[in-house]
Each structure stands twice: as structure tokens, then as C-alpha cells.
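J.: 3D model of this:
(one chain, ligands or ions: 1)
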Amino acid sequence: MIPNSTPQPSDAADIVAKMRHLIDALKRHNHAYYVLDAPILQDSEYDQLRQKLLSLEAAHPDLVQADSPTNQVGGVPLAQFTQVTHATPMLSLGNVFNYAELQDFMRRVNERLSDAQQNPDYDIELKLDGLAVALVYEHGTLRQAVTRGDGQVGEDITHNARTIRNLPQVLPAKIGQAIARLEVRGEVLMPKAGFLRLNRDAEARGDKTFANPRNAAAGSLRQLDPSIAAQRPLAFYAYSVNDGLPADITTQTQALRWLQGLGFSIGEIQTATDSAAVQAAYEAINVKRADLPYEIDGVVIKVNDLSLQRQLGSLSREPRWAMAYKFPAQTVITRLNAIDWQVGRTGQLTPVGKLAPVNVGGVTVSNVSLHNIGEIQRLDVRVGDMVSVHRAGDVIPKLTRVWLDERPADSVPVTLPKQCPVCASPVVLPEGEALARCTGGLYCPAQQQEALVHFVSRRAMDIDGLGERLLAQFFALGWLHNVADIYDLPKHQSAMIALDKLGEKSVDNLINAIEASKHTTLPRFIYALGIRGVGESTALNLARQFGDLPALMAANTDELLKTPDIGDITAASIHEFFAATHNREVIERLLAAGIQWEAVNQATDGQQPLKGQTWVITGTLAQMPRDEAKAKLQALGASVSGSLSGKTSVLLAGEKAGSKLAKAENLGIRIVDEAEFMQLLADFADTATP
Ligand code: IVH
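T.: Prediction:
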């Protein structure tokens, strides 16, 4: 049997079913778009469905359905408006999406031209994203404005067009009045700024907002009451003269300049002859697209010579002499092939959608973050689903829609993994939280590097010279897995000296810093462990509450909850951390390496001279960073708050203290300057060393 011969009945039935499916979707969309002004698809999504139907039709011309929307221009006119038959049909445009298709179009034009007419000039215009309107002027006065409708018959919206500020109602006497009938076509649109303002106002009133500027323009033009359109920031940009053009005007660019002379606004125009120059213009316009005051979705390329345009003529739906060169789709339909759970540096599990690679807005996209399991449930997305992926400008790709109608029978629902994909530790999703976490802590390789950076940081174990870059290098060399390995680094001394940029001296310094860090304090050590929710002040409170490490490690959540400032979530996280065998092993190794601290004197620490006071720090301190001042105050028993209130006991005011100083004065709060603060620290020197 010859493959691809006349389709077998079942194939034909399949193909027709596919066509019907696409036709229904396109029709539903056309209705929503043209009649309801409430689109259910992005333009690019519509284009993709239409393209799919077109290629089915091209491959199976005998199966083309009589009511296929690929053969029609657009919407049906609304019944309330007076219907007007266009003098000449308002055509649509064919689309090309890449350089090869552009070259094809230009080649097809050449094929229809004589040898002498080859490689004509092209006019390049912006493809304005609004809606097409035809304006009829009689002896220089605007008589009628009609929407495109289905291309043959449109709606009379003259009453609304009269409210558009940049649309000339009367043309300059000299030229305009001499022309009995002038028909100008162009685009009515809503500039971005006006659209944003309109939506902001609507939102403030609790009214419905518009999906995009084009819908806002369409909705405004379709008002029966012109006083509503008058309040909408609409604009008209002309792009063609369909009747009444003076005979001495022979090109599209001349026609547009002539319209400009009559007072019409036009978009920017340029000309080019070869496809490379058209491509360059297209790319340059795409770059500045975001900065334009209105939305465009591509450029329109038109054979510039009007007599050549007439010679080339039109197909039923679109001219042969013009083509829309659309910008890369910003919303593209593709398949979700898998979900990868990635473990972040703090143990958070993020679902990443693996896509069949697609070009979105000019960039190949194969991953899309799905944020969390809740988002997956909200979207109801399954592995195997067809999905829409949106990306605009530099914006990160986003999954915007799941095509439930297209869901394959073997789609697989997504569930949260029970074990960490990196270290196999249990995964938890704390109640009320969106993000699932790996409980692997110091044991999970995905979290180890971050844990190392935190462990050596100045306010933790303070190992000078062991920066993020060096840590990453040692990690890559396999010398470091978890924080306990830091104390084994000295055995790599000679290998370290051999490393690039690490001389003998700096290796010596590093080894000394590692050694010195073994003498620390309990609060610093607790803080250095990087337990979720345990910052410096919590570490200090824990040290005070439990006095030593074994007691803290043995504490149950009830005991932990007795510590000042510790709530349910932090208590659970501390308990979970110390319950994990691998964390206990790391701690044992750290202690075996010789880490030690002075016993915490709960009695003297308990004195806490500033207990019960609430301090606020403002302005710049010359002698220490704010976070250090904060820790010192906390060590003395004060709580430190970010904002002034009736409960504030003292305001510590550094240089350039602003409004807080004035407010404190008003409230009669005690104000302490930096000198006085330093004196206070000196007075309590034994206590204030966190
Ligand atoms: S020329 C026969 N020029 O795009 C030529 N159309 O997708 C018809 N459009 O219906 C149109 N900017 O609403 C032309 N510079 C431009 C345009 C433009 C936007 C719209 C117009 C048309 C649609 C076709």
C-alpha cells in the first residue's frame, strides 16, 4: 500500500473530527472576541489553533469544512448598530512568523511581477493592535465611521468616532473640500497610558476591568451612548486611502504622508527593498516595542507602489501585496512532559515543569516554574497536558492555561514527593504553608553549600578568609560536604597551596582562622547551625533558656515553647532539626573537632539589666552596624523593635536620625545618643557579648 494515499475512512473521520474540534474552538473564540469583547484566548493562541487548522486543510483539501473560519474575516455585526456595507471589502492580512516565511512571501510577490518589476520597494508599517475602522469624508467633512465587521458589512459607529480627539472631523479646506468622497482606513486603539488609567479608575470604583488595550478600545467603540466613548482615551491611526486619493500619489508612503498633511496621525514608516533590510527593520522595531505609547503585535509589509498593488490583487480574505510579520508569540501552546522537583538552598522544594521546548517571545523555553504544589492544584495541571506558556520581554516564563479539552487519557496527576529527590529525607508541608521542604538539613547536598556559607559567616563561626567562592571550590573538590568537614580542611593544606591564587600565606591564615573559630559562644554556635527560624536573638534566648547544648538537643516542643519569642513553628523546626540523626552526627563531629565555649552563666545572664525595655534604633551608628547594636541590646535583655509606639522605652538615635527622632520627642520617649549607648555597653561589658 502506498503510504499517505487517500485517507482510509477511519483516518478521514479522525481528521474531520480534529478539524471540527478546531473549528468549534475558533468559533467560540470569535464570538467571545468580536461579539462579547471578552476574548478567551491570547492572539498567539488563536493564531496557533488557526495555523493547526490551516495545515490540516492544506494536507486534506477534500475534507475542508464548509463553515471553516479560515475562510472568513471575523465577527458578525451587532444587531443594535446600523449595518453598513463597505464600498470595497475590508480585508485582513496574512501572517508570517519568521525570516524564511518572510522570504517566501517576497518570492511569491516576485513570481507575479514581470522581469522589469522584480524586487519592488516595500513600505514597512507598525501593526497597530486596535480595531479597523473605515472613515468616509464628503467634501472634507466626516460623514460616516464603520467597523470592519465581517469584512463586507460593518457597524456604523460614527457617533463614537466623533469623540476621538485625534481624528479630524473636518479636513483642511483647500484639499479636503475638493474631494467629493474620501475613504480613509485605519486603526482605533487605546494608548497604553490611557488604558492603565482607565483600568485603575474602574478598579477603584469596583467596576469590571478590561483584559487589554484592544478590548478596551473595542468595548468603547461599541457603546451606543457616545458620551461613554467620549470619556475613553481612544486614538485613530490611519493606514490606507481607499477612495479619493489624488492621482499624483503613486506609493503607499506618499499616501500616508499626504494623510498626515490632512491632520491624521500615522504610525512610523520606513521602506526597504530586500528581505534582509525588512528583517533588520522588524528586529529594530521589536526592540523598541515596549517603549511605544501603544501596543503593536508586529509590522505590516506592503508593496509600496500602488499600481503594483492593484496588479497583484487580492485573495478572498487578504491582499497578495501585503503581509503581517508578527512578533514571536508571547504565549505558546506546548506539552508538559514532566515535573522536576528542585531543592533550593534552604531546602524548599519547587516544582519545575519540563516542557517540549518551544520558542516563546524569541527565546527557547523548556522549563517553567510552577512555584508550589498549591499552584499545581489551582491550575489542575497534569503531566502530559497541553499548556499555554507566556513570556513577555524579560519576564520569566509562566504557565497561564491548561487545555483541559486536549487532556490525553494517560495524563498523570502531580503529587508532592514523599522523599527529597536529592537526599531521600522525608518531605514536609507544614500546615498553612505553601512550600514543601526537605527535612535533610545539614545532610542534604542541595542545602549544604548554603549551610556552609551561613556557618562561616561573621556573626556565626566567623571564619575569616573562607568566602563563598572558596567554599564552592572546596565543595566541588569534594573536600566539603557538611559543616563538620571545615575542621578537616587543614589536612588538605598542601593541596590548597597548589590551588590557583592561594599562596602559602593565605592558606596559613585560613587554617589559623579555622582553628580560632573553635573558641566561640553557645549562642553563636546555635545560630551557626542554620536551624530554620533560629536567628541570632532566638539563638541567644535558647542558650539562656537551656544553658547548654545537650539540654537544648533533648528538649521537646513544650519545653522549647517556654523560651521567649519562640512560637509553634520555630519550636517544631528546632525539635525536628535535633531529632534528625544526620544532624546529630554533624554536631558530634563538630564537638569532637574541638569546638568549645564558656559555660553560659544563666545566673548572671539572667540579670539582664535592660529586661522589659523596648528599644528602637534609628539613624547611622558610627561604631558598629545596627544589627550588632541590636544583638548587644538583646544580650542585655532589651527587645528591639523596628517602629516607635507607646510601648517604646528608649530610642537609640545615631547620625541623621529623621522623623523617628521628632516623633520620639513628641511622644516623650527617652532618647539615647551613640556616646551614651557606648557608655552603657561598657558599664555592662560582661553581659553584652552575644
Ligand atoms: S493594512 C488590505 N496596515 O491588522 C490591507 N492593517 O490583521 C489591510 N492593522 O484588519 C490592512 N496595523 O486592523 C494594515 N499598518 C497597518 C495595520 C493594519 C494594524 C490591522 C488591521 C487589519 C489587521 C489584519
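J.: What is the neighbour count of the closest residue to Gly313 other than its chain neighbours?
T.: Among residues not flanking Gly313 along the chain, Arg320 sits closest, at 5.9 Å (Cβ to Cβ, 6 or more residues apart in numbering). (Each C-beta comes from the backbone N, C-alpha and C, glycine too.) A count of nearby residues for Arg320, using other Cβ atoms under 10 Å, gives 17.
J.: The residue lying closest to Thr82 once chain neighbours are set aside: neighbouring residues, count only.
T.: In this structure, Thr82 finds its nearest non-sequential neighbour in Asp156, 4.1 Å apart by Cβ to Cβ, 6+ apart. Asp156: 16 surrounding residues under other Cβ under 10 Å.
J.: cool, Leu306 as well?
T.: 18.
J.: ok, it - contacts?
T.: Contacts of Leu306 were listed using Cβ atoms under 8 Å, 6 or more residues apart in numbering, and they are Leu245, Ile249, Thr250, Thr251, Gln252, Ala255.
J.: other SSEs contacting the helix or strand harbouring Ile124?
T.: Assigned by DSSP states H and E, Ile124 belongs to strand 122-128. Contacts defined by 3 or more Cβ pairs under 8 Å, 6 or more residues apart in numbering; DSSP states H and E place strand 122-128 against strand 235-243, helix 252-261, strand 269-272, helix 275-288, strand 296-303, strand 322-326.
J.: Report the angle between the last one and helix 275-288.
T.: Yep, that's strand 322-326 we're talking about. Orientation check (axes from the mean of the first three to the mean of the last three Cα atoms, to 10 degrees): strand 322-326 against helix 275-288 gives 50 degrees.
J.: hmm, strand 322-326 in reach of the ligand?
T.: Yes - under the criterion of Cβ under 6 Å from any ligand atom, the ligand is reached by strand 322-326 at Ala322, Ala324.
J.: out of the contacts of Leu306, who's nearest Arg108?
T.: Nearest to Arg108 out of those is Gln252 (Cβ to Cβ; 18.5 Å).
J.: isn't the closest one right up against Asn304?
T.: Yes - assessed by Cβ atoms under 8 Å, Gln252 is found in contact with Asn304 at 5.1 Å.
J.: any residues in contact with both of those two?
T.: Here Gln252 and Asn304 have Asp123 as joint contacts, going by Cβ under 8 Å, 6+ apart.
J.: These two - which one has more neighbours?
T.: Remark: of Gln252 and Asn304, Gln252 carries more neighbours, 26 against 23, as counted by other Cβ under 10 Å.
J.: Leaving aside the residues adjacent along the chain, what's closest to that one?
T.: Asp123 (4.3 Å).
J.: Can you tell me how far the one you found is from the ligand?
T.: 9 Å (Cβ to the nearest ligand atom, to the nearest Å).
J.: Use 24 as the first number for this chain going forward.
T.: With 24 as the first residue, the last one maps to Asp146.
J.: what sits opposite that residue in the beta ladder?
T.: Thr294, Lys325 (DSSP bridges).
J.: Report the contact partners of it.
T.: Thr274, Gln275, Thr276, Leu279, Ile292, Gln293, Thr294, Ile324, Lys325, Val326, Asn327.
J.: what bits of the stretch 274-423 of the chain have low per-residue confidence?
T.: 416-417 (pLDDT under 70).
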